[in-house]
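K.L.:
Return a 3D structure for these sequence lines:
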Amino acid sequence: MRKLNLDKRKIKRLQQQCLHHNVFPILLNQCLDGHPPAIYSLLKPLLNDAINQLESLNLNEIKNIVDLLPSGFRMLLQSFEQPITKEYLSRVAEYYIAVEVQKGYSPIDSVLKPEIKDSEVLEEFPELVDQFDDDGLLIINDNFIMLDGGIKYGDYLLHYHQFLRRVFAANPNFDFLGRLAQYRKCTNEYNTFRVAIDHRRIMKFDDYRQFIEMDTWFGPKFDQQKLDDRDYVGTTVVGRIYPNSLDSYPLIRTEFLWKVNEAEYIKTLEIEEISDPDRTYENWHINRYVHSERNIKEKVFQHFDGAVKVYPPHNYKGREDQTMPNNIKPEHYIKLFRIDGKIDLKNWISLVSMFYKGNEMVIEYFDPVLFNEKIRPMREITENALRE
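P.N.:
Purely as a prediction, here's the structure:
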(Lines give C-alpha, C1' and ligand atoms only; values in the text may rest on other atoms or scores of the structure.)
Protein backbone atom coordinates (compact mmCIF):
# COMPACT_ATOMS: atom_id res chain seq x y z
CA MET A 1 0.00 0.00 0.00
CA ARG A 2 1.32 3.44 -0.96
CA LYS A 3 2.60 5.70 1.81
CA LEU A 4 3.98 9.22 1.80
CA ASN A 5 7.74 9.52 2.06
CA LEU A 6 8.32 12.11 4.80
CA ASP A 7 11.67 12.98 6.38
CA LYS A 8 11.79 10.92 9.58
CA ARG A 9 14.33 13.26 11.20
CA LYS A 10 12.02 16.21 10.66
CA ILE A 11 9.08 14.23 12.08
CA LYS A 12 11.14 13.40 15.15
CA ARG A 13 12.08 17.06 15.67
CA LEU A 14 8.43 18.01 15.26
CA GLN A 15 7.46 15.42 17.87
CA GLN A 16 9.92 16.96 20.30
CA GLN A 17 8.69 20.50 19.72
CA CYS A 18 5.10 19.34 20.20
CA LEU A 19 6.13 17.91 23.57
CA HIS A 20 7.92 21.12 24.52
CA HIS A 21 4.90 23.28 23.64
CA ASN A 22 2.18 20.92 24.85
CA VAL A 23 0.65 20.70 21.37
CA PHE A 24 -1.23 17.48 20.70
CA PRO A 25 -0.76 15.99 17.23
CA ILE A 26 -4.45 16.16 16.36
CA LEU A 27 -4.28 19.95 16.93
CA LEU A 28 -1.19 20.53 14.81
CA ASN A 29 -3.15 22.39 12.13
CA GLN A 30 -3.83 25.14 14.67
CA CYS A 31 -0.12 25.96 14.53
CA LEU A 32 -0.35 26.91 10.84
CA ASP A 33 -1.07 30.48 11.94
CA GLY A 34 2.64 30.69 12.78
CA HIS A 35 2.48 30.11 16.53
CA PRO A 36 4.53 28.78 18.14
CA PRO A 37 7.30 29.52 15.63
CA ALA A 38 9.37 26.48 16.63
CA ILE A 39 6.54 24.18 15.53
CA TYR A 40 5.47 26.19 12.49
CA SER A 41 8.99 26.27 11.06
CA LEU A 42 9.04 22.43 11.05
CA LEU A 43 5.41 21.80 10.18
CA LYS A 44 5.09 24.07 7.14
CA PRO A 45 7.84 22.44 5.00
CA LEU A 46 6.58 18.96 5.92
CA LEU A 47 3.06 19.98 4.94
CA ASN A 48 4.19 21.38 1.59
CA ASP A 49 6.12 18.18 0.89
CA ALA A 50 3.12 16.00 1.78
CA ILE A 51 0.77 18.04 -0.43
CA ASN A 52 3.18 17.84 -3.39
CA GLN A 53 3.35 14.07 -3.01
CA LEU A 54 -0.43 13.74 -2.80
CA GLU A 55 -0.87 15.84 -5.94
CA SER A 56 1.25 13.35 -7.87
CA LEU A 57 -0.96 10.39 -6.93
CA ASN A 58 -3.99 9.02 -8.76
CA LEU A 59 -7.44 8.76 -7.21
CA ASN A 60 -7.07 5.20 -5.90
CA GLU A 61 -3.68 5.98 -4.37
CA ILE A 62 -5.10 9.01 -2.57
CA LYS A 63 -7.97 6.89 -1.29
CA ASN A 64 -5.47 4.33 0.03
CA ILE A 65 -3.64 7.12 1.88
CA VAL A 66 -6.92 8.25 3.46
CA ASP A 67 -7.71 4.66 4.45
CA LEU A 68 -4.37 4.53 6.30
CA LEU A 69 -5.56 7.23 8.70
CA PRO A 70 -7.05 6.07 12.03
CA SER A 71 -10.83 6.31 12.17
CA GLY A 72 -10.71 9.31 14.51
CA PHE A 73 -8.85 11.32 11.87
CA ARG A 74 -10.91 10.03 8.96
CA MET A 75 -14.03 11.29 10.69
CA LEU A 76 -12.65 14.83 10.43
CA LEU A 77 -12.50 14.61 6.64
CA GLN A 78 -15.51 15.09 4.44
CA SER A 79 -16.66 12.22 2.24
CA PHE A 80 -14.20 11.11 -0.41
CA GLU A 81 -15.63 12.68 -3.57
CA GLN A 82 -14.43 13.81 -6.98
CA PRO A 83 -12.99 16.12 -8.03
CA ILE A 84 -10.29 16.17 -5.36
CA THR A 85 -9.60 19.75 -4.33
CA LYS A 86 -6.35 21.27 -3.08
CA GLU A 87 -8.08 22.07 0.19
CA TYR A 88 -9.00 18.40 0.66
CA LEU A 89 -5.44 17.26 -0.09
CA SER A 90 -4.14 19.83 2.38
CA ARG A 91 -6.33 18.40 5.14
CA VAL A 92 -5.27 14.85 4.27
CA ALA A 93 -1.64 16.00 4.49
CA GLU A 94 -2.24 17.67 7.87
CA TYR A 95 -3.79 14.56 9.38
CA TYR A 96 -1.19 12.25 7.83
CA ILE A 97 1.58 14.28 9.49
CA ALA A 98 -0.37 14.31 12.77
CA VAL A 99 -0.58 10.51 12.71
CA GLU A 100 3.16 10.22 12.09
CA VAL A 101 3.86 12.58 14.99
CA GLN A 102 1.42 10.69 17.22
CA LYS A 103 3.31 7.42 16.76
CA GLY A 104 6.22 8.57 18.89
CA TYR A 105 4.71 11.57 20.63
CA SER A 106 4.93 10.66 24.31
CA PRO A 107 5.93 7.03 24.90
CA ILE A 108 5.43 5.60 28.38
CA ASP A 109 8.76 3.77 28.40
CA SER A 110 10.67 7.05 28.36
CA VAL A 111 9.03 8.12 31.62
CA LEU A 112 9.23 4.72 33.30
CA LYS A 113 12.99 4.61 32.91
CA PRO A 114 14.12 8.21 32.42
CA GLU A 115 17.75 8.89 31.65
CA ILE A 116 18.92 12.03 33.43
CA LYS A 117 21.70 12.36 30.89
CA ASP A 118 18.97 12.90 28.27
CA SER A 119 17.14 15.53 30.31
CA GLU A 120 16.21 18.56 28.21
CA VAL A 121 15.66 20.46 31.47
CA LEU A 122 19.12 19.78 32.87
CA GLU A 123 20.72 20.47 29.52
CA GLU A 124 19.26 23.98 29.70
CA PHE A 125 19.68 24.36 33.47
CA PRO A 126 22.53 22.14 34.75
CA GLU A 127 22.43 23.98 38.08
CA LEU A 128 19.18 22.16 38.90
CA VAL A 129 20.85 18.73 39.12
CA ASP A 130 21.01 19.02 42.94
CA GLN A 131 17.44 20.31 43.19
CA PHE A 132 15.91 16.84 42.90
CA ASP A 133 15.39 14.47 45.84
CA ASP A 134 16.01 10.71 45.87
CA ASP A 135 12.56 10.09 44.36
CA GLY A 136 13.31 12.38 41.43
CA LEU A 137 10.95 15.11 42.69
CA LEU A 138 11.84 18.73 42.09
CA ILE A 139 12.21 20.52 45.44
CA ILE A 140 10.24 23.75 45.04
CA ASN A 141 11.86 26.89 46.45
CA ASP A 142 11.47 30.62 45.87
CA ASN A 143 13.18 30.33 42.47
CA PHE A 144 10.11 28.51 41.11
CA ILE A 145 6.54 29.64 40.53
CA MET A 146 4.02 26.82 40.40
CA LEU A 147 1.17 27.30 37.91
CA ASP A 148 -1.66 24.98 36.95
CA GLY A 149 0.03 24.16 33.62
CA GLY A 150 3.69 24.04 34.63
CA ILE A 151 6.46 25.53 36.76
CA LYS A 152 8.01 28.88 35.85
CA TYR A 153 11.79 28.97 36.25
CA GLY A 154 13.52 32.04 34.91
CA ASP A 155 12.25 32.65 31.38
CA TYR A 156 11.16 29.04 30.89
CA LEU A 157 8.28 26.75 31.80
CA LEU A 158 9.00 23.27 33.16
CA HIS A 159 6.23 20.77 32.44
CA TYR A 160 4.63 18.53 35.02
CA HIS A 161 5.17 14.77 34.78
CA GLN A 162 3.16 12.83 32.20
CA PHE A 163 1.37 10.91 34.96
CA LEU A 164 0.04 14.22 36.31
CA ARG A 165 -1.84 14.64 33.05
CA ARG A 166 -5.40 13.66 32.33
CA VAL A 167 -5.55 10.00 31.27
CA PHE A 168 -1.72 10.11 31.45
CA ALA A 169 -1.38 11.83 28.08
CA ALA A 170 -3.65 14.86 27.64
CA ASN A 171 -3.50 18.30 29.26
CA PRO A 172 -2.27 18.59 32.85
CA ASN A 173 -4.78 17.84 35.61
CA PHE A 174 -5.45 21.56 36.04
CA ASP A 175 -7.97 21.14 38.88
CA PHE A 176 -5.45 19.31 41.04
CA LEU A 177 -2.33 21.19 39.98
CA GLY A 178 -4.03 24.59 40.24
CA ARG A 179 -5.08 23.83 43.81
CA LEU A 180 -1.63 22.46 44.62
CA ALA A 181 -0.02 25.66 43.27
CA GLN A 182 -2.43 27.88 45.18
CA TYR A 183 -1.95 25.89 48.37
CA ARG A 184 1.82 26.31 48.10
CA LYS A 185 1.40 30.05 47.59
CA CYS A 186 -0.65 30.27 50.78
CA THR A 187 1.33 27.88 53.00
CA ASN A 188 4.95 27.86 51.79
CA GLU A 189 6.09 29.46 55.04
CA TYR A 190 5.43 26.22 56.94
CA ASN A 191 4.95 23.54 54.24
CA THR A 192 7.48 22.14 51.80
CA PHE A 193 6.49 21.07 48.32
CA ARG A 194 8.02 18.71 45.77
CA VAL A 195 6.68 17.68 42.40
CA ALA A 196 7.66 15.47 39.46
CA ILE A 197 8.46 17.08 36.12
CA ASP A 198 8.80 15.82 32.58
CA HIS A 199 12.50 15.94 31.70
CA ARG A 200 11.67 15.65 27.99
CA ARG A 201 9.84 18.98 27.86
CA ILE A 202 10.79 22.61 28.32
CA MET A 203 9.67 25.79 26.60
CA LYS A 204 10.02 29.55 26.71
CA PHE A 205 7.55 31.02 29.13
CA ASP A 206 6.37 33.46 26.49
CA ASP A 207 5.02 30.48 24.54
CA TYR A 208 3.02 29.25 27.49
CA ARG A 209 -0.68 28.96 26.77
CA GLN A 210 -3.21 28.25 29.46
CA PHE A 211 -5.97 25.81 28.76
CA ILE A 212 -9.33 25.76 30.58
CA GLU A 213 -11.22 22.50 30.97
CA MET A 214 -14.97 22.98 31.05
CA ASP A 215 -16.21 20.03 33.04
CA THR A 216 -17.63 19.34 36.49
CA TRP A 217 -16.30 17.60 39.56
CA PHE A 218 -18.23 17.39 42.83
CA GLY A 219 -15.90 17.96 45.80
CA PRO A 220 -16.59 15.40 48.52
CA LYS A 221 -17.44 16.34 52.09
CA PHE A 222 -15.54 14.30 54.62
CA ASP A 223 -17.04 12.99 57.89
CA GLN A 224 -14.60 14.05 60.59
CA GLN A 225 -16.19 12.04 63.38
CA LYS A 226 -13.70 9.17 63.34
CA LEU A 227 -10.80 10.84 61.58
CA ASP A 228 -8.65 10.88 64.72
CA ASP A 229 -9.91 7.62 66.21
CA ARG A 230 -6.89 5.33 66.29
CA ASP A 231 -9.12 2.25 66.47
CA TYR A 232 -11.00 3.13 63.28
CA VAL A 233 -8.65 1.45 60.79
CA GLY A 234 -8.73 -1.22 58.08
CA THR A 235 -9.30 -1.61 54.34
CA THR A 236 -12.38 -0.47 52.44
CA VAL A 237 -12.97 -1.51 48.82
CA VAL A 238 -15.27 0.55 46.63
CA GLY A 239 -16.21 -1.06 43.32
CA ARG A 240 -17.10 1.04 40.29
CA ILE A 241 -20.77 0.86 39.33
CA TYR A 242 -21.68 0.75 35.64
CA PRO A 243 -18.16 0.80 34.17
CA ASN A 244 -18.33 1.88 30.55
CA SER A 245 -16.23 2.77 27.53
CA LEU A 246 -16.72 6.51 28.17
CA ASP A 247 -14.81 6.49 31.47
CA SER A 248 -11.63 8.54 31.24
CA TYR A 249 -9.88 6.02 33.48
CA PRO A 250 -10.87 2.33 32.99
CA LEU A 251 -11.10 1.31 36.66
CA ILE A 252 -12.77 -1.58 38.47
CA ARG A 253 -12.38 -0.48 42.10
CA THR A 254 -10.57 1.81 44.54
CA GLU A 255 -8.99 0.69 47.80
CA PHE A 256 -8.68 2.79 50.98
CA LEU A 257 -6.43 1.58 53.79
CA TRP A 258 -6.26 3.33 57.17
CA LYS A 259 -3.63 2.10 59.61
CA VAL A 260 -1.95 3.40 62.75
CA ASN A 261 1.51 3.11 64.25
CA GLU A 262 0.96 1.92 67.80
CA ALA A 263 4.11 3.66 69.02
CA GLU A 264 3.16 7.04 67.57
CA TYR A 265 0.20 9.34 67.19
CA ILE A 266 0.28 8.90 63.42
CA LYS A 267 -2.60 7.58 61.38
CA THR A 268 -1.85 6.69 57.76
CA LEU A 269 -4.14 6.56 54.75
CA GLU A 270 -3.24 4.80 51.50
CA ILE A 271 -5.47 4.97 48.42
CA GLU A 272 -4.89 2.99 45.24
CA GLU A 273 -7.23 2.77 42.28
CA ILE A 274 -7.27 -0.56 40.45
CA SER A 275 -7.37 -0.33 36.66
CA ASP A 276 -9.33 -2.70 34.45
CA PRO A 277 -7.22 -5.85 33.84
CA ASP A 278 -8.59 -6.08 30.29
CA ARG A 279 -7.47 -2.59 29.28
CA THR A 280 -3.86 -1.42 29.27
CA TYR A 281 -2.09 1.83 28.53
CA GLU A 282 0.71 1.08 26.07
CA ASN A 283 0.85 -2.44 27.54
CA TRP A 284 1.01 -1.25 31.16
CA HIS A 285 -1.50 -0.99 34.00
CA ILE A 286 -1.16 2.43 35.64
CA ASN A 287 -2.78 2.98 39.06
CA ARG A 288 -2.79 6.34 40.82
CA TYR A 289 -1.79 6.13 44.48
CA VAL A 290 -1.94 8.45 47.51
CA HIS A 291 -0.16 8.20 50.85
CA SER A 292 -0.93 10.57 53.70
CA GLU A 293 -0.05 10.83 57.40
CA ARG A 294 -2.22 12.51 60.01
CA ASN A 295 -1.01 13.52 63.47
CA ILE A 296 -4.07 12.57 65.49
CA LYS A 297 -2.71 14.31 68.58
CA GLU A 298 -2.34 17.66 66.82
CA LYS A 299 -5.29 16.90 64.52
CA VAL A 300 -3.51 17.87 61.32
CA PHE A 301 -2.13 16.12 58.24
CA GLN A 302 1.66 16.35 58.31
CA HIS A 303 2.49 14.55 55.06
CA PHE A 304 0.77 13.98 51.71
CA ASP A 305 2.22 12.50 48.52
CA GLY A 306 0.92 11.09 45.28
CA ALA A 307 2.39 8.60 42.84
CA VAL A 308 1.56 6.05 40.19
CA LYS A 309 2.12 2.32 40.50
CA VAL A 310 2.85 0.67 37.16
CA TYR A 311 2.29 -3.06 36.64
CA PRO A 312 3.03 -5.29 33.62
CA PRO A 313 0.09 -7.35 32.31
CA HIS A 314 1.72 -10.73 32.97
CA ASN A 315 1.43 -10.46 36.77
CA TYR A 316 -1.37 -7.92 37.16
CA LYS A 317 -3.81 -10.65 38.19
CA GLY A 318 -1.78 -10.87 41.40
CA ARG A 319 -2.74 -7.26 42.12
CA GLU A 320 -6.34 -7.71 40.98
CA ASP A 321 -6.87 -10.69 43.29
CA GLN A 322 -5.44 -8.99 46.39
CA THR A 323 -6.25 -5.92 48.44
CA MET A 324 -4.07 -3.66 50.55
CA PRO A 325 -2.03 -4.31 52.62
CA ASN A 326 -1.41 -7.78 51.12
CA ASN A 327 -1.00 -6.66 47.52
CA ILE A 328 1.95 -7.38 45.26
CA LYS A 329 4.49 -4.67 44.52
CA PRO A 330 4.45 -2.80 41.20
CA GLU A 331 7.28 -3.00 38.71
CA HIS A 332 7.58 0.81 38.72
CA TYR A 333 6.72 3.26 41.48
CA ILE A 334 6.89 6.87 40.31
CA LYS A 335 6.30 9.64 42.84
CA LEU A 336 4.59 12.73 41.43
CA PHE A 337 4.32 15.26 44.27
CA ARG A 338 4.91 15.64 47.99
CA ILE A 339 3.86 18.09 50.72
CA ASP A 340 5.24 18.14 54.27
CA GLY A 341 4.26 20.40 57.16
CA LYS A 342 0.78 21.26 58.41
CA ILE A 343 -1.90 20.50 55.84
CA ASP A 344 -5.40 21.59 56.81
CA LEU A 345 -8.33 19.25 56.26
CA LYS A 346 -10.22 21.37 53.73
CA ASN A 347 -7.30 21.70 51.34
CA TRP A 348 -6.25 18.09 51.87
CA ILE A 349 -9.70 16.88 50.78
CA SER A 350 -9.66 19.18 47.75
CA LEU A 351 -6.22 18.01 46.64
CA VAL A 352 -7.04 14.31 47.10
CA SER A 353 -10.24 14.73 45.09
CA MET A 354 -8.62 16.59 42.23
CA PHE A 355 -5.65 14.24 42.01
CA TYR A 356 -8.20 11.46 41.48
CA LYS A 357 -10.23 13.42 38.96
CA GLY A 358 -12.15 10.98 36.78
CA ASN A 359 -12.52 8.51 39.68
CA GLU A 360 -15.99 8.96 41.19
CA MET A 361 -15.33 6.17 43.72
CA VAL A 362 -13.36 8.64 45.83
CA ILE A 363 -16.59 10.64 46.22
CA GLU A 364 -18.53 7.47 46.98
CA TYR A 365 -16.13 6.72 49.85
CA PHE A 366 -15.87 10.18 51.37
CA ASP A 367 -19.46 11.31 50.77
CA PRO A 368 -21.92 8.54 49.84
CA VAL A 369 -24.90 10.92 50.13
CA LEU A 370 -23.48 13.24 47.49
CA PHE A 371 -22.55 10.26 45.34
CA ASN A 372 -26.07 8.80 45.45
CA GLU A 373 -27.69 12.16 44.76
CA LYS A 374 -25.42 13.41 41.97
CA ILE A 375 -23.15 10.72 40.55
CA ARG A 376 -25.11 7.48 40.65
CA PRO A 377 -28.04 8.84 38.56
CA MET A 378 -25.62 10.14 35.92
CA ARG A 379 -23.89 6.77 35.64
CA GLU A 380 -27.26 4.99 35.45
CA ILE A 381 -28.36 7.26 32.59
CA THR A 382 -25.10 6.61 30.73
CA GLU A 383 -25.45 2.87 31.27
CA ASN A 384 -29.00 2.83 29.91
CA ALA A 385 -28.03 4.98 26.91
CA LEU A 386 -25.15 2.67 25.98
CA ARG A 387 -27.40 -0.36 26.17
CA GLU A 388 -29.92 1.09 23.72
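
K.L.:
only C-alpha atoms for contact and neighbour calcs from this point on.
P.N.:
Will do.

K.L.:
what's residue 15 in contact with, if anything?
P.N.:
Residues near residue 15 by Cα atoms under 8 Å, 6 or more residues apart in numbering: 101-102, 104-105.

K.L.:
before we move on, what about residue 199?
P.N.:
Applying Cα under 8 Å, 6+ apart, one finds that residue 199 lies in contact with 114, 116, 118-122, 159.

K.L.:
In helices, which of the contacts of residue 15 appear?
P.N.:
101-102 (DSSP state H).

K.L.:
Mind splitting this protein into its structural domains?
P.N.:
8-103, 113-207, 234-387 (automatic domain parsing).

K.L.:
can you put those in JSON lines and add distance to residue 226?
P.N.:
Formatted as JSON lines, the domains of the chain follow (distance: least, Cα to Cα, whole Å):
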{"stretch": "domain 8-103", "distance to residue 226": "43"}
{"stretch": "domain 113-207", "distance to residue 226": "25"}
{"stretch": "domain 234-387", "distance to residue 226": "10"}
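
K.L.:
May I see the ones you listed arranged in JSON lines, with mean pLDDT and distance to residue 227 as well?
P.N.:
Formatted as JSON lines, these follow (pLDDT from 0 to 100; distance: least, Cα to Cα, whole Å):
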{"stretch": "domain 8-103", "mean pLDDT": "88", "distance to residue 227": "40"}
{"stretch": "domain 113-207", "mean pLDDT": "93", "distance to residue 227": "22"}
{"stretch": "domain 234-387", "mean pLDDT": "92", "distance to residue 227": "8"}
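
K.L.:
In the stretch 201-350 of the chain, what residue spans correspond to helices?
P.N.:
Remark: helices assigned in the stretch 201-350 of the chain by DSSP state H, counting those that start in this stretch are 316-320, 345-355.

K.L.:
What is the burial count for the closest residue to residue 296 other than its chain neighbours?
P.N.:
Once flanking residues are discounted, residue 296 sits nearest to residue 228: 4.9 Å by Cα to Cα, 6 or more residues apart in numbering. For residue 228, the number of neighbouring residues by other Cα atoms under 10 Å comes to 18.

K.L.:
ok, residue 228 - contacts?
P.N.:
Residues near residue 228 by Cα under 8 Å, 6+ apart: 267, 296-297, 299.

K.L.:
Among these, the buried ones, what's the ChimeraX command?
P.N.:
Buried members of these, defined by 16 or more other Cα atoms under 10 Å, are picked up in ChimeraX with:
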select :267,296,299
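
K.L.:
from the contacts of residue 228, which is closest to residue 55?
P.N.:
Nearest to residue 55 out of the contacts of residue 228 is residue 267 (Cα to Cα; 67.9 Å).

K.L.:
Thought residue 257 was touching that closest one, still the case?
P.N.:
No - judged on Cα atoms under 8 Å, residue 267 makes no contact with residue 257 at a distance of 10.4 Å.

K.L.:
Look up how far residue 72 lies from residue 368.
P.N.:
Look at residue 368 and residue 72: by Cα to Cα, to the nearest Å, they are 37 Å apart.

K.L.:
okay, those two: which has more neighbours?
P.N.:
Neighbours per residue (other Cα under 10 Å) separate residue 368 from residue 72, with residue 368 holding more: 18 against 9.

K.L.:
State the distance from the more buried one to residue 353.
P.N.:
14 Å.

K.L.:
how about stretch 378-388: buried residues?
P.N.:
Using 16+ other Cα under 10 Å as the test for burial, stretch 378-388 gives 379, 383.

K.L.:
let me redo that: stretch 236-243
P.N.:
So, applying 16+ other Cα under 10 Å, buried residues of stretch 236-243: 237-240, 243.

K.L.:
again, but for stretch 165-181
P.N.:
165-169, 171-181.

K.L.:
Over to stretch 243-253?
P.N.:
So stretch 243-253, judged by 16+ other Cα under 10 Å, has buried residues 243, 249-253.

K.L.:
Kindly indicate which of these lies nearest residue 336.
P.N.:
Residue 336 lies nearest to residue 249 out of the buried residues of stretch 243-253, by Cα to Cα, at 17.8 Å.

K.L.:
what's near enough to touch the closest one?
P.N.:
Residue 249 sits next to 167, 275, 358-359 when contact means Cα under 8 Å, 6+ apart.

K.L.:
From the residues you listed, list just the buried residues.
P.N.:
In the contacts of residue 249, the ones that pass as buried (16+ other Cα under 10 Å) are 167, 275, 358-359.

K.L.:
could I get those residues as JSON lines with secondary structure and distance to residue 195?
P.N.:
Output for those, formatted as JSON lines (DSSP: H, G, I helix; E, B strand; the rest coil; distance: Cα to Cα, whole Å):
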{"residue": "167", "secondary structure": "helix", "distance to residue 195": "18"}
{"residue": "275", "secondary structure": "strand", "distance to residue 195": "24"}
{"residue": "358", "secondary structure": "coil", "distance to residue 195": "21"}
{"residue": "359", "secondary structure": "coil", "distance to residue 195": "21"}
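
K.L.:
Just the closest of the residues you listed to residue 317, please.
P.N.:
Within those, proximity to residue 317 (Cα to Cα) peaks at residue 275, which comes in at 11.0 Å.

K.L.:
Which parts of the stretch 151-300 of the chain are strands?
P.N.:
Counting by DSSP state E, counting those that start in this stretch, the stretch 151-300 of the chain has strands at residues 151-153, 156-160, 192-195, 197-204, 234-239, 251-260, 266-275, 285-295, 300-311.

K.L.:
Of these, flag the one that's most buried.
P.N.:
Ranked by mean neighbour count, the strands of the stretch 151-300 of the chain are led by strand 156-160 with a mean of 24 (mean count of other Cα atoms under 10 Å).
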